[in-house]
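Chemist: Model the structure of this input:
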Amino acid sequence: MFKVNKLKNGLTLLLLKRKTMRSASVSFCVKSGSVHEENNIAGVSHFIEHTVFRKTKTRNIKEIKKPLEEVGGSLNAFTARNLTLFYSKVPSRNINIAIEILSDLTFNASLEKDDIEKEKKVILEEIAMYEDDPVDQIFENLFKNVYDENFGRPIIGYRDTVKNMDEKTLREHYSKNFIPANTIVSIVGNFDEEEVIRYLESMEINRDSKEPNKILSPNISKEEINVVKKKKDLSQNYLVYAYEAPPKYSKDYYATLVLNTMMGSGMSSLLFTNIREEAGLVYEVASDYNSYNDSGLFMIYAATSDENVEKYKEKIDEITKEIYKREDLEDWVNYGKQRLIGKMTIDIETNMAYGMKILDLYLTYGKIVNIDEIVKKIEEVSLEDVVRVSKGIFSNNKFVSELNPEK
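Modeler: Numbers count the residues shown, from 1 in each chain. All right, here's what the predicted structure looks like:
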């Protein structure tokens, strides 16, 4: 059972001891992401996430990575719209060094000029990589037009904002946002609970106590969107259809999860079966559901050739508009429920995935939600729930993002 601990220094701890494990995962989640930025510093959270790995006030680049990797562990990080997360997986006996290094990255980074200039080149290369990837492009074009300004900005930032990053910008954002009140530490695996709490409580973190950032949700366009771009050297047409969908706080959240799973998860899904295997119109087709506390977006993605693109569009429209009339819908709903529960059950076998899931639920509801509660809610989803949700979603405005070959 997860335990929640609020420490005097402002940190929140989520702890789950699993005695049968020989490893542990540690995550430091900071509620600071791209939505907590201004346009002129777009990408600063992501830039910080990169640069802290170069040097802290007590460790150089080698001393940050080697102590964990030489014992078989791992160290990584990512930036999202609402958060920046540093995480590690280590043998249980090495958990203290993982906590030390992750806390160092979170609160004690140097952010020096030379390191900033080096990382600037790396991030500009990363931007170039995304610009070459058609899948990244169609989703960025979608979000930029469907979400409000804060959520529509790319997490990585823009070329100009990245080029203009300097010590002052990074240090101001870091000292303001990378603070204990904004940080949740999640530890899952085999560890000494009292020792971990004692160590984290003893940490001296030189940060002013401020109100924590809020977990935000995007405002979604109230008008239909149709974004069509062209790109050289493409051999396929890339398409995303999106629709406003229930938020996490909605009673229809779990029915939407089931709808998403039955439609686009796995080679046995409805879209894969109907559009790829039966109609032969695509190589790849899938659905996704971006859910936030107060809003959501349901998406269908595919890539197809010039000769099949119009047939694909007709087929997608037919499926989405008529899905609630299908005679085999109950079978698909059962597939969605079973697959969703099964994947969750398998995922939580690993410490890291379990910790990430519980962290996501805690950020949403402000409390620990037991996985068994989630399974029960999925099991309770009825055929009527999915019919109602599908009618609602696919009658909403359709948002389209296309990237086509430039002739």
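Chemist: What strand or helix carries residue 160?
Modeler: Counting by DSSP states H and E, the element that carries residue 160 is helix 159-163.
Chemist: Also residue 171?
Modeler: helix 167-177.
Chemist: Show me what that helix is packed up against.
Modeler: Applying 3 or more C-beta pairs under 8 Å, 6 or more residues apart in numbering; DSSP states H and E, one finds that helix 167-177 contacts helix 44-51, helix 113-132. Bear in mind the C-beta positions are built from the backbone N, C-alpha and C, glycine included.
Chemist: those strands in the stretch 1-150 of the chain, which residues are they?
Modeler: With DSSP state E, counting those that start in this stretch, the ranges of strands along the stretch 1-150 of the chain come out as 3-6, 12-17, 23-30, 74-79, 84-91.
Chemist: and these, which one is worst for confidence?
Modeler: Least confidently modelled of these is strand 3-6, at a mean of 92 by mean pLDDT.
Chemist: so what does that one touch, helix or strand wise?
Modeler: Packed against strand 3-6 by the contact rule (3+ C-beta pairs under 8 Å, 6+ apart) you find strand 12-17.
Chemist: Partner strands of the strand it packs on, with direction?
Modeler: Strand 12-17 sits in its sheet next to strand 3-6 (antiparallel), strand 183-189 (parallel), going by DSSP bridges.
Chemist: tell me which residues of it are tucked away?
Modeler: 12-17 (16 or more other C-beta atoms under 10 Å).
Chemist: and which of those residues is nearest to residue 401?
Modeler: The closest of the buried residues of strand 12-17 to residue 401 turns out to be residue 14 (C-beta to C-beta; 36.3 Å).
Chemist: which residue sits closest to that closest one, ignoring its sequence neighbours?
Modeler: Closest residue to residue 14 apart from its sequence neighbours, by C-beta to C-beta, 6 or more residues apart in numbering: residue 186 at 4.5 Å.
Chemist: Compute the number of surrounding residues for residue 99.
Modeler: Residue 99 has 22 neighbours, counted by other C-beta atoms under 10 Å.
Chemist: Check the one 5 residues further on too.
Modeler: Residue 104 has 20 neighbours, counted by other C-beta under 10 Å.
Chemist: Could you give me the buried positions within the helix holding residue 171?
Modeler: Neighbour-count burial for helix 167-177, with 16+ other C-beta under 10 Å as criterion, is recorded at 169-171, 173-174, 177.
Chemist: residue contacts, the residue nearest to the spatial centre of the chain?
Modeler: In the chain, the residue lying closest to the centroid (C-alpha atoms, centre = their mean) is residue 80, at 5.9 Å. Residues near residue 80 by C-beta atoms under 8 Å, 6 or more residues apart in numbering: 33-34, 155.
Chemist: What subset of these is buried?
Modeler: Applying 16+ other C-beta under 10 Å to those flags 33-34, 155 as buried.
Chemist: any idea which helix or strand comes after the helix or strand containing residue 200?
Modeler: Using DSSP H and E, residue 200 maps to helix 193-202. Using DSSP H and E, the helix or strand that follows helix 193-202 in sequence is strand 225-231.
Chemist: tell me what that following strand is packed against?
Modeler: Using 3+ C-beta pairs under 8 Å, 6+ apart, the elements in contact with strand 225-231 are helix 134-146, strand 398-405.
Chemist: Now stretch 183-203: buried residues?
Modeler: Buried-residue list, stretch 183-203, by 16+ other C-beta under 10 Å: 183-191, 196-197, 200.
Chemist: How far off centre is it?
Modeler: Between the centre of stretch 183-203 and the centre of its chain there are 24 Å (C-alpha atoms, centre = their mean, to the nearest Å).
Chemist: What of stretch 110-119?
Modeler: Distance, centroid of stretch 110-119 to centroid of chain: 27 Å (C-alpha atoms, centre = their mean).
Chemist: Pull out the buried residues from it.
Modeler: Going by neighbour count (16+ other C-beta under 10 Å), the buried part of stretch 110-119 is 110-111, 115-116, 119.
Chemist: Can you convert those residues into CSV and add a column each for pLDDT?
Modeler: Converted to CSV, the buried residues of stretch 110-119 look like this (pLDDT from 0 to 100):
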residue, pLDDT
110, 95
111, 97
115, 97
116, 97
119, 97
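Chemist: and those residues as TSV, adding distance to residue 335?
Modeler: Listed next are the buried residues of stretch 110-119 as TSV, based on distance: C-beta to C-beta, whole Å:
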residue	distance to residue 335
110	51
111	49
115	50
116	50
119	45
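Chemist: Show me which pair in these is furthest apart.
Modeler: Among the buried residues of stretch 110-119, 110 and 119 lie farthest apart (C-beta to C-beta), at 12.1 Å.
Chemist: Between the two, which contacts overlap?
Modeler: With C-beta under 8 Å, 6+ apart as the test, residue 110 and residue 119 both reach residue 54.
Chemist: what residues are up against residue 44?
Modeler: Listed by C-beta under 8 Å, 6+ apart, the contact partners of residue 44 are 37, 157, 161, 165, 169-170, 173.
Chemist: so residue 258 sits in a helix?
Modeler: Yes: using DSSP: H, G, I helix; E, B strand; the rest coil, the assignment for residue 258 is a helix.
Chemist: low-confidence ranges in the stretch 201-350 of the chain?
Modeler: 206-209 (pLDDT under 70).
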